[in-house]
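**Student:** Any chance you could fold what I've pasted below:
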Amino acid sequence: QVQLVESGGGLVQAGDSLRLSCAASGRTFSTYAMGWFRQAPGKEREFVAAIRWGGGRTYYADSVKGRFTISRDNAKTTVYLQMNSLKPEDTAVYYCASRSGYYSGRDYSADELYNYWGQGTQVTVSS
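**Tutor:** Residues are numbered from 1 along each chain as shown. As a prediction, this is how the structure comes out:
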């Protein structure tokens, strides 16, 4: 089992920045990738960004490309999401997700790819 704990959410104004953290614990040795998803009220959960644990290759949704940056700290088994130039439409609950085991595909946006999920952290961007 892998436990994921998100932190760093909050209320900010449009244009501000925020950094989310996701600390993983448990059987993290088999982690292949980690990702961030978000769910706004009344909407389906959507992919935000992902990172492969080995090599660090990153993947982004078009809506956040150029504004958000995903990174990892191998020693701390923590993944970060730096969010700049925030917009009101970025308001959502942000979830961290982890995949254990090898994945040969190129699409990291499907939530069924991930085995473990955090509880989520609220990000609210006011206009």
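
**Student:** Name whatever forms a beta bridge with the residue nearest in space to the middle of the chain.
**Tutor:** The centroid of the chain falls nearest to Trp36 when counting by Cα atoms, centre = their mean (1.8 Å). Applying DSSP bridges to Trp36 gives these bridge partners: Ala49, Cys96.

**Student:** who's in contact with it?
**Tutor:** Going by Cβ atoms under 8 Å, 6 or more residues apart in numbering, Trp36 touches Leu20, Cys22, Val48, Ala49, Ala50, Ile70, Val79, Leu81, Tyr94, Tyr95, Cys96, Ala97. From N, CA and C alone the C-beta is placed, and that goes for glycine too.

**Student:** Please apply the same query to Gln3.
**Tutor:** Contacts here follow Cβ under 8 Å, 6+ apart; on that basis Gln3 touches Ala24, Ser25, Gly26, Tyr116.

**Student:** out of those, what pair is the most spread apart?
**Tutor:** Based on Cβ to Cβ, the longest span within the contacts of Gln3 runs between Ser25 and Tyr116 and measures 10.6 Å.

**Student:** Now for the nearest residue to Leu86 once chain neighbours are set aside, how many residues are close by?
**Tutor:** Closest residue to Leu86 in three dimensions, ignoring its sequence neighbours and counting by Cβ to Cβ, 6 or more residues apart in numbering: Val125, at 4.6 Å. Applying other Cβ atoms under 10 Å, we find 20 residues neighbouring Val125.

**Student:** Also Arg52?
**Tutor:** Here the number of neighbours of Arg52 (other Cβ under 10 Å) works out to 18.
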